[in-house]
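> I'll drop the sequence and a predicted model, then ask my questions.
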Amino acid sequence: MSYVTRVLQPGERLLHESRLHWAIYLPGFFFILIAVVGFALSNSQPPLVWEGLVAIGILCALLAWLKAWLRRMGTELAVTDRRVIYKQGLIRRHTVEMNMDKVESVDVDQSILGRIFNYGDVTIRGTGASLEPLQMIEDPLAFRSHVTAR
């Protein structure tokens, strides 16, 4: 059972759930690219240098993918009819909830790649406080629409 479904109040309806975009896995692909280049150049001298580059590239790729997977699995974003819920972390948890009555504005920032692959950063500003920027959110415009369309 997810965190969001556990914290729903009686009568509260879940309007939209979102998660982090798959693009958070891209640093791992960069390290695989380094490993492929090292493998392609491993026929030249000295081979130990290139073999080491391949091993380091594969190890860094696996660590980057593991970190991204843990981050993606541990992050939950939801909009209900009463509040916005953000939860981060699997073991150590950080949660932020903001009542819909306190929301003043929702900012969406998308880079060119974010526009192409439909991800971006969402910042929810409220009275007295604001949520930290929610980075690499899948379909940020739909998330914003669910927050602002009450």
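It's in.

> Name the next helix or strand downstream of the worst-scoring helix or strand of the chain on mean pLDDT, please.
When the helices and strands of the chain are scored by mean pLDDT, DSSP states H and E, helix 26-40 comes last with a mean of 84. Downstream of helix 26-40, the first helix or strand assigned by DSSP states H and E is helix 47-73.

> Does that next one pack against any helices or strands, and if so which?
Counting by 3 or more Cβ pairs under 8 Å, 6 or more residues apart in numbering; DSSP states H and E, the packing neighbours recorded for helix 47-73 are helix 26-40. Glycine gets a C-beta too; all of them are placed from N, C-alpha and C.

> can we see that at 10 Å?
Other elements packing on helix 47-73 under the criterion 3 or more Cβ pairs under 10 Å, 6 or more residues apart in numbering; DSSP states H and E are helix 26-40, strand 134-138.

> Any stretches of this protein with poor pLDDT?
44-47, 150 (pLDDT under 70).

> ok, now which ones touch the residue nearest to the spatial centre of it?
With distances taken as Cα atoms, centre = their mean, residue 20 lies nearest the centre of the chain, 3.1 Å away. With contact taken as Cβ atoms under 10 Å, 6 or more residues apart in numbering, residue 20 is in contact with 68, 71-77, 88, 119, 134-138.

> same thing but 8 Å
Applying Cβ atoms under 8 Å, 6 or more residues apart in numbering, we find residue 20 in contact with 71-72, 75, 135-138.

> Check residue 39 too.
Going by Cβ under 8 Å, 6+ apart, residue 39 touches 50, 54.

> what does residue 126 give?
Here residue 126 is in contact with 98-99, 102-104 (Cβ under 8 Å, 6+ apart).

> ok, now with 6 Å
98, 102-104 (Cβ atoms under 6 Å, 6 or more residues apart in numbering).

> what about residue 16, which SS state?
Assigned with DSSP: H, G, I helix; E, B strand; the rest coil, residue 16 falls in the strand class.

> For the closest residue to it other than its chain neighbours, give its distance to residue 136.
Computed as Cβ to Cβ, 6 or more residues apart in numbering, the closest residue to residue 16 that is not its neighbour in sequence is residue 146, at 3.8 Å. Using Cβ to Cβ, to the nearest Å, residue 146 is found at 18 Å from residue 136.

> No more questions from me, cheers.
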